[in-house]
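Undergrad: Need a 3D model of the sequence below.
(one chain, ligands or ions: 2)
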Amino acid sequence: MSRTIRIGDHMDEIIVGKLNPTKKDLKYSVFLGKEKENQKSVYVDIDDSHVMLICGKRGQGKSYTMGVLCEGIISKMKKYIEIKENLSLILIDTMGIFWTMQSPSKNYNLLESWELEPEGYSVVVCYPYGIGRYKENKVYSKYFHLGFSLRPSELVLEDWLNCLDIASTKPQAILLLKSLKKVRDERGIFYSVDDIINRVEKNSAYDDNVKLALINKLENAKSWGIFSDKGLFLQELIKPSQVAIIDLSLLSHSIRSTVISILCKKIFDLRSVARVSEELAKIGEDIKWEKVPLVWIFFDEAHQFVPKTGKKKPLSAEAVIKLAKESRQRGISLVFATQQPGALSDEVLTQCDTTIIHRITAKNDVDAIGEKISDVKMTDNNINIIDYLRNLPKNPGYALIHNDLTENLISIKIRPRISRHGGSTPKLSELAEEQKGL
Ligand SMILES: Nc1ncnc2c1ncn2[C@@H]1O[C@H](COP(=O)(O)OP(=O)(O)OP(=O)(O)O)[C@@H](O)[C@H]1O
Ligand SMILES: [Mg+2]
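TA: Ligands and ions are numbered 1, 2, ... in the order given. Have a look, this model is predicted:
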């Protein structure tokens, strides 16, 4: 049965994701845009843990909206020290478009019409440690700050097989398993890819062809630029007040999924341990622990990492689904953006409590969203939700927003970005005119 509950009727603002909000709740919520019909300001709650989905067709504003949410959270961290000390934000950037948040937007007229000021944000942009150009070039290194790295020991056999594209039934897989075991026995967690190669070479039980094929793949792994004893380890990204953009755009799909899988597992473990310590402190136990802040993790192009079952699952799927299912108790919030909600794992879709829907038209995507929020109707009339999805204005930036708790659906215009959006299409005319001006 359809149900409509108006939220925020007693307030000039709407806070999505908060039941019975009061003015006080505005401190823990971020400004997203204006309701289309009556121009009420729409905020999103960041007090509780949330799992959010942002979906829509190509170019409709998903990454832009993700940027708006990030800006909102960073602004709160800047304004309130108590928020800053208890929060961290990680944005997994597979397209390499979010580093531009460091520069203010130049969309002055649009910002002025919304009474907003342009601003660049202080974020830490992390890239694979071995990408020399980011370290060595003075201009790049102004915007790309820290190389992150993995220890080879952080990868389990399954990670290696995935990255090296080796089927688990192949002799290469068994040889790798034995070599990893040996090297671990000899060196604990401190070994390099060369140490694994050495171990493979020394194994006399295998045919030279098998050894050579595996060694070639391991040699190639060194060129990915992610294995090092130096650099920042992924767990160091979760620090109070840290806003980290992890640029994975230069890595192949399977390596990105390995990095995401390891990152998600680490965040899960860190927050799980912290949660116990937080509770112990609350019941008065004298316990000292290293503070692990609550964390918001943003995934752009999420269907690549948690696709629907039936397709070949990337390694990241299991870790991300686990996070989605068990994030709330651990104080982890997740935001997934995707062009294809119909291609996203149902296990993630069902966990999303807040859905921001830009224009979509493909039948299976409309169906996936329609199914997710079929139990609602618009606040002011009775039109079918599927018609609303099809009929959203064609200009980017319009969306419907739905929250499971309050079960209502609001049509909104997302506010303009305050910092520079890096995802716009490069236009030939703009490049040509710039060149002419040189
Ligand atoms: N709220 C908004 N206000 C003004 N312009 C917007 C808004 N949202 C999006 N746009 C414009 O639309 C363009 C495309 O947005 P965006 O890069 O977020 O698309 P997308 O949905 O992520 O596309 P893709 O699926 O290709 O990644 C932006 O470059 C921007 O110019
Ligand atoms: Mg995008």
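
Undergrad: Who are the contact partners of the closest residue to E85 other than its chain neighbours?
TA: With CB to CB, 6 or more residues apart in numbering as the criterion, E85 has its nearest non-adjacent residue at 4.9 Å, and that residue is P240. Placement of C-beta: from N, CA and C, glycine included. Residues counted as contacts of P240 (CB atoms under 8 Å, 6 or more residues apart in numbering) are K84, E85, N86, L87, S88, K291, P293.

Undergrad: So which residues make contact with stretch 314-323?
TA: Under CB under 8 Å, 6+ apart, the answer for stretch 314-323 is 158-159, 162, 253-254, 256-258, 260-262, 264-265, 267-268, 297, 299, 302, 304-307, 332, 334, 345, 347-348.

Undergrad: at 7 Å instead, please
TA: 158-159, 162, 257-258, 260-261, 264-265, 268, 305-307, 332, 334, 345, 347-348 (CB atoms under 7 Å, 6 or more residues apart in numbering).

Undergrad: Check stretch 47-57 too.
TA: So stretch 47-57 is contacted by 17, 25, 28, 62, 65-66, 324, 327-328, 331-339, 341, 349, 351-361, 369 (CB under 7 Å, 6+ apart).

Undergrad: Output it as CSV, restricted to C-alpha atoms.
TA: Below are the C-alpha coordinates for stretch 47-57, written out as CSV (Å, rounded to 0.1, in the frame of the first residue of the first chain):
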residue,chain,number,x,y,z
ASP,A,47,24.3,12.2,11.9
ASP,A,48,23.4,8.5,11.5
SER,A,49,25.2,6.0,9.2
HIS,A,50,23.6,5.8,5.8
VAL,A,51,23.9,3.8,2.6
MET,A,52,23.1,6.0,-0.3
LEU,A,53,22.6,5.4,-4.0
ILE,A,54,23.0,8.0,-6.7
CYS,A,55,21.8,6.9,-10.1
GLY,A,56,20.9,8.3,-13.5
LYS,A,57,21.8,8.3,-17.1
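
Undergrad: Return the residues in contact with the closest residue to ligand 1 within the stretch 51-200 of the chain.
TA: Residue of the stretch 51-200 of the chain nearest ligand 1, by CB to the nearest ligand atom: G61 (2.9 Å). Taking CB under 7 Å, 6+ apart, we find G61 in contact with H358, P396, G397, I414.

Undergrad: could you dump those to a markdown table with neighbour count and distance to K36?
TA: Shown next, in a markdown table, are those (neighbours: other CB atoms under 10 Å; distance: CB to CB, whole Å):
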| residue | neighbour count | distance to K36 |
| --- | --- | --- |
| H358 | 24 | 13 |
| P396 | 17 | 14 |
| G397 | 19 | 11 |
| I414 | 23 | 11 |
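
Undergrad: Buried ones among the contacts of stretch 314-323?
TA: The neighbour-count test (16 or more other CB atoms under 10 Å) marks 159, 162, 257-258, 260-261, 264-265, 268, 305-307, 332, 334, 345, 347-348 as buried among the contacts of stretch 314-323.

Undergrad: Restricted to helices, list these.
TA: The helices, defined by DSSP state H, take in D159, N162, S257, T258, I260, S261, C264, K265, F268, E347, V348 from these.

Undergrad: so which helix or strand takes in N220?
TA: N220 belongs to helix 208-222 when assigned by DSSP states H and E.

Undergrad: right, I mislabeled it, should have said N20
TA: Short version, using DSSP H and E: N20 is in no helix or strand.

Undergrad: Report how many residues lie close to it.
TA: 10 (other CB atoms under 10 Å).

Undergrad: Against ligand 2, how distant is it?
TA: From N20 across to ligand 2, the span is 34 Å (CB to the ion, to the nearest Å).

Undergrad: for V124, same thing?
TA: 21 Å.

Undergrad: Any stretches of the stretch 101-250 of the chain with poor pLDDT?
TA: Scanning the stretch 101-250 of the chain with the threshold set as pLDDT under 70 gives no residue ranges.

Undergrad: In it, what residue comes closest to ligand 2?
TA: As assessed by CB to the ion, ligand 2 sits closest to S249 within the stretch 101-250 of the chain, at 12.1 Å.

Undergrad: Next: the stretch 151-300 of the chain.
TA: D300 (5.8 Å).

Undergrad: For the spatially closest residue to that residue that is not a sequence neighbour, what is the enclosing helix or strand?
TA: Sequence neighbours aside, A337 is the residue nearest to D300 in space, at 4.9 Å (criterion: CB to CB, 6+ apart). Element membership for A337 (DSSP H and E) is strand 332-338.
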